[in-house]
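[1] Got a predicted model here, sequence first, then my questions.
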Amino acid sequence: MSRVVVSGLQVALTSSKADVVTDANFTIGSGEIVGLVGESGSGKTTVATAMLGHTRKGAEIVHGSVTIDGVDILGLTGGALRSARGRVISYVPQDPAAALDPCMTVGRHLREAVKAHESTAGIDWAARLAELLQDAGLDDIDGLLDRYPHELSGGQRQRVCIAIAFACKPACVVLDEPTTGLDVTTQAHILASVRRLAKEHDVAMLYVTHDLAVVEDLADRLIVMYAGRIVEQGPVRTVFHNSAHPYSRALMATTPDVRTRLELQPIPGVAPRVGHRPPGCAFADRCSQAADRCREEIPAQVMVGPGHEAACWFAADVTTRRSPLTVRSELVLAHEVPILQAEEIRAGYNGREVVHGTSLSIGRGECLALVGESGSGKTTLARSLIGLSAQVTGRLRLDGEEMPLDIHARSLAQRHALQYVFQSPRSSLNPRRTIFESIEAPLLGAPKSAAADRRERVFEALEQVGLGPSFGPRFPDQLSGGERQRVGIARALVCEPEVLICDEITSALDVSVQAAIIELLEGLQRERGLSVLFVTHNLALVRTIAHRVIVLRAGHVVEEGSAADTLQHPRNEYTQTLIRDTPSIIAPLASGS
């Protein structure tokens, strides 16, 4: 029996009345985990928050119902709605650092969650809090209950949010991208906790994500959304094996895999914005199989198998087409002339050494991946190479010439030759500068730099990243996450670098945008001989883009070799653990299970 029934859910903008989500219908059973996937802007988070009777500012729920164990959530208001949130349905956010009060201890967060919905007379707080921590996979190690959010790791903070969500044993839990930005080992532990809690407490779960490999391993059923509509839903293995909608198949073709080097195929075009959606199928303009009917009529949901339905006029034909996954040959570096060499790098902060005598070299035109779990020293090492680490020793050579470890001691030519793309383009781009001004900034210090020359180079860089001059006058908040990341790359490319350091640049992007960014980097390497240090915790991406890989643990290199050999035949136990914890879309497809 279904614990959750979402029927005819419609969310629209308050001002224009344009639909953000249209006619969403699905159910979730007791102990069932349903994955909700789609590109950014597809309406996933809008559906997730609407289930709690909430919408972002400027939007409203105009139709539909959300019934959980007989309780009509959308019919509740005021205190009754607040009481249902946490008791009937709860929410695990994407960013626990922003969700937790920095002035409250872990223990107080948990106590407040219980007090909001239960009588606390005679409660044994020590036993209750210990139970909540254990359920979420935590122990009160080193006085965890008395610590503040900033004293916890990212994985610990997320587990605290999970403990809060389950504090009052709700019937339904909504998890919104809860492992984004976490390393694969921490992610695996979080997902194991989520899976166990769903079954042990018979909780209905909606798991929102852009990572198809994660939901394939976690979910029982899968819902695919596009442009505010559910376009396909069914058993997760069925949707993976026999996708009945071209968009579902296109999403799979953008997903990398750690076990096989796949050809990532970015979806052409962009999803239509709210208020600008076409009269027929919203995916028609990006679909190679679209016919005239697709552009004129919105396809209805049709059953294509047991519990499997899709909104496509040609759903029955789509299921018979071959797998969208295409295997590529392994990368081989044509020549190994080193362009960047680092020797015995020791780096840290606050008097604490994090990187312990690490050495590496990058060949001209090579992509070297630097991987490891959170806290392994990846970013500290990368920031040391770019010259942003105050506590660092060692030697650095660029194209055979010594380079100072302090960026302020480097010449303009050296600063331009070695460039850095930050993980978060939202925080690394000045919100008060136009895109043109942000990209132009590195050129302003060049002697005899003419405005006309700078303008030409900025526009050339915008073209290289697939944006074009029309983006120049815009501001960062007018761009999508993927577009902002392209601007970050353009700002580095305008300096015509020899080496590009990319620090987790795809960690917060959906798979289709991620595929486009990877395609962009591969093209720059082919066309310009650009060398890349690719810092990531995503081993599946490493298999796609990297020639070689270095595995870092606690500031030490524990394994190094070609990407193919290291990921196929890992020798170090730590590397084996990282690979084992990385979800795969190939394994279930190959096994037919």
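    Sure thing, it's come through.

[2] so what pLDDT did residue 592 get?
    According to the predicted model, the pLDDT of residue 592 comes to 39.

[3] whoops, residue 587 was the one
    Checking the pLDDT column for residue 587, the value is 50.

[4] which parts of stretch 357-365 are buried?
    Applying a neighbour-count criterion of 16 or more other C-beta atoms under 10 Å, one finds 358, 360, 362-365 buried in stretch 357-365. Any C-beta I mention is one placed from the backbone N, CA and C, and that applies to glycine too.

[5] Reformat these as JSON lines; add secondary structure.
    Putting those into JSON lines (DSSP: H, G, I helix; E, B strand; the rest coil) gives the following:
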{"residue": "358", "secondary structure": "strand"}
{"residue": "360", "secondary structure": "strand"}
{"residue": "362", "secondary structure": "strand"}
{"residue": "363", "secondary structure": "strand"}
{"residue": "364", "secondary structure": "coil"}
{"residue": "365", "secondary structure": "coil"}
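
[6] by contact count, what packs against the host helix or strand of residue 559?
    When secondary structure is defined using DSSP states H and E, the element that contains residue 559 is strand 556-562. The criterion is 3 or more C-beta pairs under 8 Å, 6 or more residues apart in numbering; DSSP states H and E, and the helices and strands that strand 556-562 contacts are strand 352-363, strand 548-553, helix 573-580.

[7] Specify the angle between the longest one and strand 556-562 in degrees.
    In this structure, strand 352-363 runs at an angle of 20 degrees to strand 556-562, with axes from the mean of the first three to the mean of the last three C-alpha atoms, to 10 degrees as the basis.

[8] So which bits of the helix or strand harbouring residue 317 are buried?
    Using DSSP H and E, the element containing residue 317 is helix 315-318. The neighbour-count criterion (16+ other C-beta under 10 Å) identifies 315, 318 as the buried residues of helix 315-318.

[9] immediately after that helix, which helix or strand?
    strand 338-349.

[10] circling back: I would like the residues contacting the helix holding residue 317, please.
    Applying C-beta atoms under 8 Å, 6 or more residues apart in numbering, the external contacts of helix 315-318 come out as 243-246, 249, 289, 302, 304, 310, 312.

[11] Run the chain-centre distance for it.
    Distance, stretch centre to chain centre, for helix 315-318: 30 Å (C-alpha atoms, centre = their mean, to the nearest Å).

[12] begin at 186 from here
    Noted, 186 is the first residue going forward, which turns the last one into helix 500-503.

[13] rewinding a little: partner strands of the strand holding residue 744, parallel or antiparallel?
    Partner strands and pairing direction for strand 741-747 (DSSP bridges) are strand 733-738 (antiparallel).

[14] List the residue ranges of the stretch 586-735 of the chain that fall below the pLDDT cut-off.
    When residues are selected by pLDDT under 70, those of the stretch 586-735 of the chain lie in 633.

[15] any chance you could map the strands in it?
    Along the stretch 586-735 of the chain, the stretches classed as strands by DSSP state E, counting those that start in this stretch are 586-587, 603-606, 684-688, 716-720, 733-738.

[16] related to what we said a few turns ago, for the helix holding residue 502, output the C-alpha coordinates as CSV.
    These are the backbone C-alpha positions of helix 500-503, laid out as CSV (Å, rounded to 0.1, in the frame of the first residue of the first chain):
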residue,chain,number,x,y,z
ALA,A,500,7.6,5.1,-26.3
ALA,A,501,7.2,1.6,-27.6
ASP,A,502,9.8,2.1,-30.3
VAL,A,503,12.3,3.8,-28.0
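
[17] how about the nearest residue to residue 650 once chain neighbours are set aside, what does it touch?
    For residue 650, the nearest residue in space outside its immediate sequence neighbours is residue 671; the separation is 4.1 Å by C-beta to C-beta, 6 or more residues apart in numbering. Going by C-beta under 8 Å, 6+ apart, residue 671 touches 650-652, 702, 705.

[18] let's see 10 Å
    Residue 671 makes contact with 606, 610, 620, 646-647, 649-652, 656, 664-665, 698, 701-702, 705, according to C-beta atoms under 10 Å, 6 or more residues apart in numbering.

[19] Go ahead and report the secondary structure state at residue 209.
    Counting by three-state DSSP, the backbone at residue 209 sits in strand.

[20] now the nearest residue to it once chain neighbours are set aside: how far from residue 278?
    Leaving aside its sequence neighbours, residue 209 sits nearest to residue 194 (C-beta to C-beta, 6+ apart; 4.0 Å). Computed as C-beta to C-beta, to the nearest Å, the residue 194 to residue 278 distance reads 20 Å.

[21] what about the protein, any weak spots by pLDDT?
    Judged by pLDDT under 70, the stretches of the chain that qualify are 186, 326-327, 507, 519-520, 633, 771-778.

[22] what inclination does the strand holding residue 744 have with respect to helix 758-765?
    Interaxial angle, strand 741-747 versus helix 758-765 (the same axes, to 10 degrees): 60 degrees.

[23] hmm, back to that, please, a ChimeraX command that selects the buried ones among the contacts of helix 500-503?
    Buried members of the contacts of helix 500-503, defined by 16+ other C-beta under 10 Å, are picked up in ChimeraX with:
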select :428,429,430,431,434,489,495,497
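
[24] will you turn the contacts of helix 500-503 into JSON lines that also has secondary structure?
    Putting the contacts of helix 500-503 into JSON lines (three-state DSSP) gives the following:
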{"residue": "428", "secondary structure": "coil"}
{"residue": "429", "secondary structure": "coil"}
{"residue": "430", "secondary structure": "coil"}
{"residue": "431", "secondary structure": "helix"}
{"residue": "434", "secondary structure": "helix"}
{"residue": "474", "secondary structure": "coil"}
{"residue": "487", "secondary structure": "strand"}
{"residue": "489", "secondary structure": "strand"}
{"residue": "495", "secondary structure": "strand"}
{"residue": "497", "secondary structure": "coil"}
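
[25] With distance to residue 557 as new columns, can the contacts of helix 500-503 be given to me in JSON lines?
    Rendered in JSON lines, the data for those read as follows (distance: C-beta to C-beta, whole Å):
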{"residue": "428", "distance to residue 557": "34"}
{"residue": "429", "distance to residue 557": "39"}
{"residue": "430", "distance to residue 557": "37"}
{"residue": "431", "distance to residue 557": "37"}
{"residue": "434", "distance to residue 557": "33"}
{"residue": "474", "distance to residue 557": "42"}
{"residue": "487", "distance to residue 557": "47"}
{"residue": "489", "distance to residue 557": "43"}
{"residue": "495", "distance to residue 557": "40"}
{"residue": "497", "distance to residue 557": "42"}
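
[26] Out of the contacts of helix 500-503, which is nearest to residue 243?
    When these are compared for distance to residue 243, the smallest value, 29.5 Å, is given by residue 430; criterion: C-beta to C-beta.

[27] wouldn't the closest one be in contact with residue 509 here?
    No. Between residue 430 and residue 509 there is no contact, the gap being 11.7 Å when judged by C-beta atoms under 10 Å.

[28] Find residues that contact each of those two.
    Common neighbours of residue 430 and residue 509, using C-beta under 10 Å, 6+ apart, are residue 436.

[29] Excluding chain neighbours, give the residue nearest to the residue most central in space within the chain in space.
    Within the chain, the residue whose C-alpha comes closest to the C-alpha centroid is residue 693; the distance, by C-alpha atoms, centre = their mean, is 3.4 Å. Sequence neighbours aside, residue 365 is the residue nearest to residue 693 in space, at 5.9 Å (criterion: C-beta to C-beta, 6+ apart).

[30] Domains in this protein, by residue range?
    Residue ranges for each domain of the chain read 427-512, 521-764, as given by the TED database.

[31] Among these, which comes closest to residue 244?
    Closest approach to residue 244 among the domains of the chain is made by domain 427-512 (9.2 Å; C-beta to C-beta).

[32] For residue 314, find the nearest of the domains of the chain.
    Counting by C-beta to C-beta, residue 314 lies closest to domain 521-764 out of those; the figure is 25.3 Å.
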